[in-house]
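Peer 1: What shape does this take:
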Amino acid sequence: MCRTVDLHQAVLARNDENALALRGYLGDRGTVAVNLLSSPGSGKTALLEQLLARAVASGTPAAAVTADLATENDATRLARSGAPVQQILTDGLCHLEAGMLRRRLEGWLPDGTRLLFVENVGNLVCPASYDLGETLRIALASVTEGEDKPVKYPTAFGLAQLVVITKTDIADAVGFDREAFLRGVEQVNPGVPVLETSARTGEGVDALLAHVLRAADGEEAHVPVLARQHERYLHSHDHGDGTGPHTHDGDGDGDGDGDGGGRGPAPGGEHRHDRAPGAAPVPAEARGNAP
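Peer 2: Reported below is the predicted structural model:
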């Protein structure tokens, strides 16, 4: 079990390094990345198509990368907006990683791109653990998914800097309990902004684009409580198996509670979780259970 945890820690540590480099790469180009996370069928692609179209219409240079296990259907759809779009096929991987994104961007991302929307793989578990060098992380849920979505997926919603409700045009028809949903959001991420949208009617799309543009202009994004939990209580030991001394607390999360709720540093020493200003940090204690 310990070897498995160590491997997982090493994978996430490498991703952290790649994300830091990617954040610098994008910053040098004047590009702000927005990471969109949701379950399949949330309406994320339809909403992103509307966002891109409005950005293009307003003269804001925007581009998108969309990730799926298979098919380029979403990229074809998003290209109708008139914005540059690229598809990443993960071949079964349940999430994007910073290195994958960097490889796709190099040699393609148009000069002068101000907004880069990253449509992550439809999944609220694995993607929550991986920093993609974003400035703004958005978690989306549709009114058809149930009011308890935030409390069922506390890491995805707990690390979001903005929560977006989609398909509000059918909220009444499906009996969506808005207040219960908002209570769940507040429970896992106190104070996070929530926007209500409908790609069909256009409700909230302009407000969402304005929120993203404010982040691009340097307005400080919401800092989730979960992202501020950096302090870890660790012990160091050596298994005597040649792996050398390393630190974790028995469940890989580095918080000393043994609850499995996160990860410790990479094998061989401490791993820093430093982030550039405006980044969406993913703390140690939030990330240990992702595949």
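Peer 1: chain center to the longest helix anywhere in the chain: distance?
Peer 2: If you go by DSSP state H, the chain has its longest helix at helix 2-29. Helix 2-29 sits 14 Å away from the centroid of its parent chain (Cα atoms, centre = their mean, to the nearest Å).
Peer 1: Pull out the buried residues from it.
Peer 2: In terms of neighbour count (16 or more other Cβ atoms under 10 Å), helix 2-29 has its buried residues at 5-6, 8-13, 15-16, 18-20, 22-23, 26-27, 29. Glycine gets a C-beta too; all of them are placed from N, C-alpha and C.
Peer 1: and it, what other elements does it pack with?
Peer 2: Where contact means 3 or more Cβ pairs under 8 Å, 6 or more residues apart in numbering; DSSP states H and E, helix 2-29 is packed against strand 32-37, helix 98-105.
Peer 1: So what touches the longest one?
Peer 2: With contacts defined as Cβ atoms under 8 Å, 6 or more residues apart in numbering, helix 98-105 is touched by 14-15, 18-19, 21-22, 25, 65, 86, 88, 90, 116, 118, 130-133.
Peer 1: ok and it relative to helix 2-29, angle-wise?
Peer 2: Counting by axes from the mean of the first three to the mean of the last three Cα atoms, to 10 degrees, helix 98-105 points 40 degrees away from the direction of helix 2-29.
Peer 1: who does the helix or strand just after helix 98-105 pair up with?
Peer 2: As assigned by DSSP states H and E, the chain's next helix or strand after helix 98-105 is strand 115-119. Strand 115-119 has its sheet partners listed here by DSSP bridges as strand 32-37 (parallel), strand 62-68 (parallel).
Peer 1: as a whole number, average confidence for the longest one?
Peer 2: The average of the pLDDT scores along strand 62-68 is 97.
Peer 1: so what does the next helix or strand after that strand touch, helix or strand wise?
Peer 2: Scanning forward in sequence from strand 62-68, with DSSP H and E defining helices and strands, the next element found is helix 73-78. Packing partners of helix 73-78 (3+ Cβ pairs under 8 Å, 6+ apart): helix 44-57, strand 62-68, strand 85-89.
Peer 1: For the first one, name the packing helices and strands.
Peer 2: Using 3+ Cβ pairs under 8 Å, 6+ apart as the contact criterion, the neighbours of helix 44-57 among helices and strands are strand 62-68, helix 73-78, strand 115-119, strand 162-166, helix 205-216.
Peer 1: how about it: buried residues?
Peer 2: Of all the residues in helix 44-57, those buried under the rule 16+ other Cβ under 10 Å are 44, 45, 46, 47, 48, 49, 50, 51, 52, 53, 54, 55.
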